[in-house]
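> Got a predicted model here, sequence first, then my questions.
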Amino acid sequence: MQARDAECCPRCGATVLGVGTSKLAKTLFLREAPTGAAQAACVDETEEAKDELIGTRLHVYRCEALLGRGAMGRVYLAHHEDLGRNCALKVLSPRVWQTDVEYARRFISEGRTAAALIHPNIVTTHAIGEARGYRFLEMEFVPGRSLQELIEHEQRLLPSHAMSLILRIAEGLAAAHQKGIIHRDLKPDNVLVSVQSVPKIADFGLAKRVWSEGDEGELLVGTPHYMAPELLSGEPATAASDVYALGTCLFVMLTGQVPYPCGSIEALAERVQDEALPDFRSIGVDVPLEIADCIDQLMAKTPANRPKDAGEALQLLTAVAGDLPDVESLLTAAFGSQPNVSWTRSGEKFRVEVRLPEGRRQIVLIEPSAHAVADRLLLIFSQCGDVRPEYYERGLRLNAQMAHGGLAIRDVEGTPQFVMIDTYPRATVDAEEIRRSVLELASRADAVEKLLTGADRY
């Protein structure tokens, strides 16, 4: 948020009251990895046309498109011409470099720190340098979108999807904490989600200043809605304050909103320090009790009552999730490269369309059973047609030939239907099992449907 924008929060639109513009320092607010045609779409074309770096070479990089901008600098999609690879190039504003010596010093020292973090769930920093009067960081380019953009698109994530993502985020954060590195500004905008649904934490160690009491006062570092109570009281950041931010991220993923919407930093600090977390039911969100209790622990008011670092938080999250695989991530892994398979989701149910030879298609439905969590199954089935007794014997013979699933009778919207059905334990099913099952069920269900009706309804 820039000082001139201090009257309105750039995330929630709330009016910021009681904070003078002198108290609001400049911050870099970026969305770093749009994909395809969207790479430059989110950036004002007039603004991009004026950018002197686009289309030019900076050191060994050719800046091709503007991915994001803020008061402290810009991020470009760049091409490393020596190595022949794309990267995200974060370029510090020359004005900031010349006038804000402390930020410039941290940009270098903490950029080096971030470069020491190599983990699948952390955006890799490849290099730091200076050319033509610009200071820059070369970072891994992650095609995809930010976690914040995913939340805005979905409005809120299913608990299984949210837990799948937060576990990986916690793994990356734990790797940093093991090296003694604190993020200080963990939030959905600083987590990129690749096209393979892999979350990666960005901006390690480069937390932004958002508020200072004066030239001699302590800086408040981070994004207020994700800051632990002790940070809002002026205490230094710790691994436990990162854990609080991790819990806040999970809360936002599940609800689509921050836990304490406020119009001023002072009011936010008071609520964060004094009020209990909102009850999920009051927000109208159905969250399993175990996950709600987990968030309460991650966001405890007192640091000593939280997991001490992301390693302990990961143990807690793993115990709560029971390593439950997320179905959408499994579908992405199973069919991400197959153009003949697509799917849509409605709640916890998935509708998978498989396009078959001769212009035919078959719909395969995937949904959890109604058992208790520990015993829950994943049901994969596809309709073949109305029940006809004359096909019972042939159906039994088909069952003997199938490696996956079998022909059964199931009520579908109150009508008995022949279906090809397969089941797996929900907690242990993997992507390869789903891939084989969906393709075989689709093929066999279509063959039975063609035999029964000659049509292609399902």
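Looks like it arrived, so ask away.
> what residues are up against the residue most central in space within the chain?
Most central in the chain under C-alpha atoms, centre = their mean is Leu147, positioned 3.5 Å from the mean C-alpha point. By C-beta atoms under 8 Å, 6 or more residues apart in numbering, Leu147 lies in contact with Leu165, Pro188, Asp189, Val191, Leu192, Val193, Pro199, Cys249, Met253. Using the backbone N, CA and C atoms, a C-beta is placed for each residue, glycine as well.
> How about His225: what's its closest non-neighbour residue?
Once flanking residues are discounted, His225 sits nearest to Val258: 4.2 Å by C-beta to C-beta, 6 or more residues apart in numbering.
> coming back round to it: including pLDDT and secondary structure, could the contacts of Leu147 go into TSV?
Below are the contacts of Leu147 laid out as TSV (pLDDT from 0 to 100; DSSP: H, G, I helix; E, B strand; the rest coil):
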residue	pLDDT	secondary structure
Leu165	93	helix
Pro188	95	helix
Asp189	92	helix
Val191	95	strand
Leu192	94	strand
Val193	94	strand
Pro199	94	strand
Cys249	97	helix
Met253	97	helix
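> Point out where the stretch 351-458 of the chain drops to low pLDDT.
Along the stretch 351-458 of the chain, segments meeting pLDDT under 70 span 371-375, 395-396, 398-406, 427.
> Which stretches in it count as strands?
361-368, 377-386, 406-412, 415-425 (DSSP state E, counting those that start in this stretch).
> Also the stretch 51-200 of the chain?
Counting by DSSP E, counting those that start in this stretch, the strands of the stretch 51-200 of the chain are 57-58, 61-70, 73-80, 85-92, 125-131, 134-139, 144-146, 191-194, 199-201.
> hang on, the earlier thing: that's a helix at the residue nearest to His225, yeah?
No - using DSSP: H, G, I helix; E, B strand; the rest coil, the secondary structure at Val258 is coil, not a helix.
> Does it touch Val252 like I think?
Yes - using C-beta atoms under 8 Å, Val258 and Val252 qualify as a contacting pair, with a distance of 6.0 Å.
> Give me the phi and psi for the spatially closest residue to Asn86 that is not a sequence neighbour.
Residue nearest to Asn86 in three dimensions, not counting chain neighbours: Phe141, with 4.8 Å by C-beta to C-beta, 6+ apart. For Phe141, the backbone dihedrals (degrees, to the nearest 10) come out as phi -90, psi 120.
> Would you enumerate the residues in contact with Phe141?
Ala33, Leu77, Asn86, Cys87, Ala88.
> Please tabulate those in CSV, including the columns distance to Lys349, neighbour count and pLDDT.
Listed next are the contacts of Phe141 as CSV, based on distance: C-beta to C-beta, whole Å; neighbours: other C-beta atoms under 10 Å; pLDDT from 0 to 100:
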residue, distance to Lys349, neighbour count, pLDDT
Ala33, 30, 28, 34
Leu77, 37, 22, 95
Asn86, 37, 15, 95
Cys87, 40, 20, 95
Ala88, 36, 24, 93
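> Which single one of the residues you listed is nearest to Gln417?
Gln417 has its nearest neighbour among the contacts of Phe141 in Ala33, at 43.9 Å by C-beta to C-beta.
> which stretches of the stretch 251-400 of the chain form helices?
Using DSSP state H, counting those that start in this stretch, the helices found in the stretch 251-400 of the chain span residues 265-274, 280-283, 289-298, 310-321, 327-335, 392-401.
> wait, isn't Ala228 in contact with Pro303?
Yes - counting by C-beta under 8 Å, Ala228 touches Pro303, with 7.0 Å between them.
> who has more neighbours, the two?
Ala228 (27 against 19; other C-beta atoms under 10 Å).
> Look up the closest residue to the more buried one, ignoring the ones flanking it.
Using C-beta to C-beta, 6+ apart, the nearest residue to Ala228 is Tyr244, at 3.7 Å.
> what's the burial count for the one you found?
Number of residues near Tyr244 (other C-beta under 10 Å) recorded here: 26.
> For it, list the residues it contacts.
For Tyr244, the contacting residues are Tyr226, Met227, Ala228, Pro229, Leu298, Met299, Ala300, Pro303, Arg306, by C-beta under 8 Å, 6+ apart.
> Out of these, the closest to Ala333 would be?
The closest of these, once distances to Ala333 are taken by C-beta to C-beta, is Leu298, at 27.6 Å.
> What is the burial count for the closest one?
Applying other C-beta under 10 Å, I find that Leu298 has 24 neighbouring residues.
> how distant is the longest helix seen in the chain from the center of its chain?
Ranked by number of residues, the top helix in the chain under DSSP state H is helix 431-453. For helix 431-453, the separation from the chain centroid amounts to 32 Å (computed by C-alpha atoms, centre = their mean, to the nearest Å).
> just stretch 225-242 next, same as before
On C-alpha atoms, centre = their mean, the centre of stretch 225-242 falls 22 Å from that of its chain.
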